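> predicted coordinates and the sequence they were generated for:
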Amino acid sequence: MAHPQIAAFARLANKGQAPARTVFGQTSKLSRTMHDIRYDEIHDEFVVGNPFANAILTFRGGATGQEGPIRIIQGPHTQGGATRLDVDPIHNEIFVPSVNRIRVYPREANGDIAPIRIIEGPNTLLANAESLAVDPINNVLVVGFNKQGNDPDGSILVFNRTDNGNVKPRAVIRGPKSGIIRINQMAVYPPKKLIVATMPGLANLMEPPDAFLGIWTYDDNGDIPPKWKIPVSPKTTLKKPFGVVLNPKNKEVIISDMRLNGVLTFSVPEIF
Amino acid sequence: MSKARRIWKIGLLSVVCAGLVVWLADTIARGGWEISGLVYAGQAAQSRTEARTITIERSPVRMIKDSYPSFSAVAINADENMLVVTDENLFQILEYDRRDNTPPRARFTEPKRVISGPGTYAEMMCGVYIDPVTKEVYVLNNDTQNWLPVFSPEARGNAKPTRYLAAPHGTFGIAVNEEKQEMFLTVQHQNSVVVYRKQASGDEKPLRVLEGNDTQLEDPHGIALDTKNKLIFVSNFGNAQVSEPGSRGGRRAIGTYGKFEPPSITVYPLEAAGNTKPLWIIEGSQTMLNWPAHMVVHEERQELFLANDADDSILVFRTSDKGNVAPIRMIKGPNTGIKNPPGLALDVKNGELSVASMGTHSILFFPVTANGDVKPLRIIRGGPADSTALNIGNPGAVGYDTKRDQILVPN
């Protein structure tokens, strides 16, 4: 992507409507390949990763223009960068997946800070962990695997939020019925204990026919199909769903689509 | 009705109701039933292994999408009046006549040809080069496809490239040494410059690789060659990675950590390889560098032109400039129409500079000597003059700001 930026659009923005604000430029310390962004409503902040500088950046919620982050986690003690992440605003923690580990930092950390917990080891089954979402109400952490190519191990793993070390996952959703090839951005909906994830299909296909947004439950375990799914189709117009966030207030599922270079809002009251 | 008959009817009704309940429970347990083509699954089964999925087949209520091209890179062949641009929004390679000038009231200029489609091996394109002899078009995928496809001058539509090279993930800049038939690419993801045979294809390996801590390659973007003085110029965003000595590095390597450095232009010998230190660096507050992107060298004038993305400007340095130096010229200001320019190309024959202005759906043409807040000589627009480019590119995620009711879209 030639021009990195974070664009903020009004909820009701449609078609080519300009963003209300953008964050960009040298001062912002952003890079391209920001594969996650999380808004923390309690503290009015948003958090993104800069994978090229192995950094976790926290901005004030209303950041605009060439504005810099208010906190940066970066340095040799951090033990890695961040492509995707999530924030637990209640217990004040930031979760970062990195292939075979989940690192957890204090939310208010700033500078060269070591993780306070790491989930790793053979019992964890972690491999290709590239996305996650944390539920601070039900104390659940869901993790998605994302591997390039024809990967038979695309999976969703469910852990306890406070897990640490070489722990077994509570559940593993994996297999042909699950439809999971790889998982990109994830979300959770604590009131209904739902796992929401984009499944963009094989990475080398520009328009994978079997991509979808899937919704599972915390109780699912094994080769379980999603309870609901929004598929790629002429009706939905989705082509390659990459990102997802929920707007429970308006009962909406918001999906970013790589192949469309667009953001689609679906009204889906039945899942809320 | 007799009492006995009423009792018999009530009993029959009870049996029917009970049967219906049993049937419903069984149907739900088996996975669901269909209404209007949709399948409704059973609720909260202990195990949903056999459950069927509710497929939500409906149109989105809203879709944010720019319907016009986002020009990320530009190349020129002056002899053929050939101008080729890459479009990162609609995934197109567009060819215009370099003399085109979109009339003010026209919505846009129709390109002479368009290459686009799932068979092209081209998607999130950030770099382009035209072979001066064959007129073949070389295209770099910056993301989503790890290919460098090459198209014939006749290629159109969903054309298969005449050849394609398996390039590293995250290539951005391209420059070619025609004399030695070597192709130089910058790679963001591994902080490197890779050099291939110009005709390389398939899984061919690079001739040499410039990478390592000492190179000070820090999220490299643009690349330009001065073959006269045998130099490589590389622009860097400043996203640095520090690796253990002896390590090949890489952002995921154990022991690698990140560091923010100022943006820079690093300069190397043309044959540099391995962990080679730059000969010199242009860096500092006087340089005005702000996400420095594509570059090109004007060898006759010995000037280095740079697209300065986040500053809405084009900077010109002397090729001999070193350290914290101010540019000798700068094209910037409201009259220029430049907004978020990642790309630029030189037309030495006609003394013109073309600028890919991503933020305005347009290509702008200036004299190579332009300086200050000057109007372009010509404009080729890919969208209406009053349209705002959204610059959404490869949106890998989305967030929601509940306080401001805003959708957050990172690239």
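Good, I have the coordinates.
> which element is the residue in the stretch 151-300 of chain B positioned nearest to chain A on?
Of the stretch 151-300 of chain B, the residue with the smallest distance to chain A, taken as Cβ to the nearest Cβ, is B:Gly258 at 3.0 Å. Glycine gets a C-beta too; all of them are placed from N, C-alpha and C. Using DSSP states H and E, B:Gly258 maps to strand B:257-260.
> first to last residue in stretch B:370-385, what's the distance?
The distance separating the two terminal residues of stretch B:370-385, taken as Cα to Cα, to the nearest Å, comes to 23 Å.
> touching it from outside, list them.
Contact with stretch B:370-385 is made by B:67-69, B:71, B:83, B:87, B:94, B:96, B:99-102, B:104, B:106-109, B:329-337, B:352-353, B:355, B:360-367, B:389, as judged by Cβ atoms under 8 Å, 6 or more residues apart in numbering or on different chains.
> separate out the buried members of the residues you listed.
Buried positions within the contacts of stretch B:370-385, assessed by neighbour count (16 or more other Cβ atoms under 10 Å in any protein chain shown), are B:68-69, B:71, B:83, B:87, B:94, B:96, B:100, B:102, B:108-109, B:329-332, B:336-337, B:352-353, B:355, B:360-366, B:389.
> if we check chain A, which of the residues you listed are in contact?
When Cβ under 8 Å from any Cβ of the partner chain is taken as the criterion, the members of those that contact chain A are B:Tyr68.
> quick one: which of the buried ones among the contacts of stretch B:370-385 sit in helices?
Within the buried ones among the contacts of stretch B:370-385, membership in helices is found for no residue, as judged by DSSP state H.
> residue ranges with poor pLDDT in chain B?
Confidence mapping of chain B against pLDDT under 70 gives the ranges B:1-49, B:246-254.
> outline the domain layout of it.
Split into domains by automatic domain parsing, chain B comes to B:1-56, B:71-381.
> for the stretch 1-150 of chain B, what lies in contact range of chain A?
For the stretch 1-150 of chain B, the residues found near chain A under the criterion Cβ under 8 Å from any Cβ are B:41, B:44, B:46-49, B:51-68, B:70, B:72-73, B:88-90, B:118, B:123-124, B:126, B:142-145.
> only the buried members of the residues you listed: can you turn that into a PyMOL selection?
With 16+ other Cβ under 10 Å as the burial test, the buried ones among the residues of the stretch 1-150 of chain B next to chain A are selected in PyMOL as follows:
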select buried, chain B and resi 41+48+51+52+53+54+55+56+60+62+63+64+65+66+68+70+72+73+88+89+90+123+124+126+142+143+144+145
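> in the stretch 1-150 of chain A, what residue is nearest chain B?
When scored by Cβ to the nearest Cβ, the stretch 1-150 of chain A has A:Asn54 as its residue closest to chain B, at 3.0 Å.
> which ones are touching the closest residue to chain A within the stretch 51-200 of chain B?
Distance from chain A to each residue of the stretch 51-200 of chain B (Cβ to the nearest Cβ) is smallest for B:Lys65, at 3.4 Å. When contacts are counted by Cβ under 8 Å, 6+ apart, B:Lys65 touches A:Lys15, A:Gly16, A:Leu260, A:Asn261, A:Gly262, A:Val263, B:Leu390, B:Ile392.
> what are the phi and psi angles of the second one?
The one in question is A:Gly16. Main-chain torsions, A:Gly16, degrees, to the nearest 10: phi -90, psi 20.
> that one reaches B:Leu390, doesn't it?
Yes - counting by Cβ atoms under 8 Å, A:Gly16 does reach B:Leu390; the two are 6.6 Å apart.
> identify the contacts common to those two.
Once Cβ under 8 Å, 6+ apart is applied, the residues that A:Gly16 and B:Leu390 both contact turn out to be B:Lys65, B:Asp66.
> out of the two, which sits in the more crowded spot?
B:Leu390 (28 against 16; other Cβ atoms under 10 Å in any protein chain shown).
> what's near enough to touch the residue nearest to the more buried one when sequence neighbours are not counted?
Across the structure, with Cβ to Cβ, 6 or more residues apart in numbering or on different chains as the measure, the residue nearest B:Leu390 apart from its sequence neighbours is B:Asp66 (4.1 Å). Contacts were defined as Cβ under 8 Å, 6+ apart; by that measure B:Asp66 touches A:Gly16, A:Asn261, A:Gly262, B:Asn89, B:Ala389, B:Leu390, B:Asn391, B:Ile392.
> can you pull out the strands in the stretch 201-350 of chain B?
In chain order, the stretch 201-350 of chain B shows strands spanning B:208-211, B:220-226, B:231-236, B:239-242, B:257-260, B:264-269, B:280-283, B:292-298, B:303-308, B:313-318, B:329-332, B:343-347, with DSSP state E, counting those that start in this stretch as the criterion.
> so what strands line up beside the second one?
Neighbouring strands of strand B:220-226 in its sheet, by DSSP bridges, are strand B:231-236 (antiparallel).
> Provide the contact partners of the partner strand at residue level.
Contacts made with strand B:231-236 from outside it, assessed by Cβ under 8 Å, 6+ apart, are listed as B:173, B:175, B:184, B:186, B:193, B:210, B:216-226, B:261, B:263-270, B:272, B:279, B:289, B:292-295, B:297, B:304, B:306, B:319.
> just give me the neighbour total for residue 175.
Using chain A. By the measure other Cβ under 10 Å, the count of residues near A:Gly175 is 16.
> the intended chain is chain B.
Using other Cβ under 10 Å as the criterion, B:Ala175 is surrounded by 25 other residues.
> interface residues of the stretch 101-250 of chain A facing chain B?
Proximity of the stretch 101-250 of chain A to chain B is assessed by Cβ under 8 Å from any Cβ, with A:177, A:184-185, A:203-207, A:217, A:219-231, A:233, A:235-237, A:242-247, A:249 identified as the residues in range.
> for PyMOL, what selects the buried ones among the residues you listed?
In PyMOL, a selection of the buried entries from those looks like this (16+ other Cβ under 10 Å):
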select buried, chain A and resi 177+184+185+203+206+217+220+221+224+225+226+227+228+229+230+231+236+242+243+244+245+246+247
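> narrow the residues of the stretch 101-250 of chain A next to chain B to those in strands?
Assignment to strands by DSSP state E places the following of those there: A:Thr217, A:Trp228, A:Lys229, A:Ile230, A:Pro231, A:Phe242, A:Gly243, A:Val244, A:Val245, A:Leu246, A:Asn247.
> which two of the residues you listed have the greatest separation?
Among those, the pair separated by the greatest distance (Cβ to Cβ) is A:Thr217 and A:Phe242, at 22.8 Å.
> returning to that earlier point: which ones among the contacts of B:Lys65 map onto strands?
The members of those that map onto strands under DSSP E are A:Gly262, A:Val263.
> list the contacts of the residue most central in space within chain A.
When chain A is reduced to its mean C-alpha position, the nearest residue by Cα atoms, centre = their mean turns out to be A:Gln185, at 3.4 Å. For A:Gln185, the contacting residues are A:35-36, A:84, A:131, A:197-198, A:242-245, A:256, B:396-398, by Cβ under 8 Å, 6+ apart.
> show me those that map onto strands.
Assigned to strands by DSSP E, the following of the contacts of A:Gln185 qualify: A:Ser131, A:Ala197, A:Thr198, A:Phe242, A:Gly243, A:Val244, A:Val245, A:Ser256.
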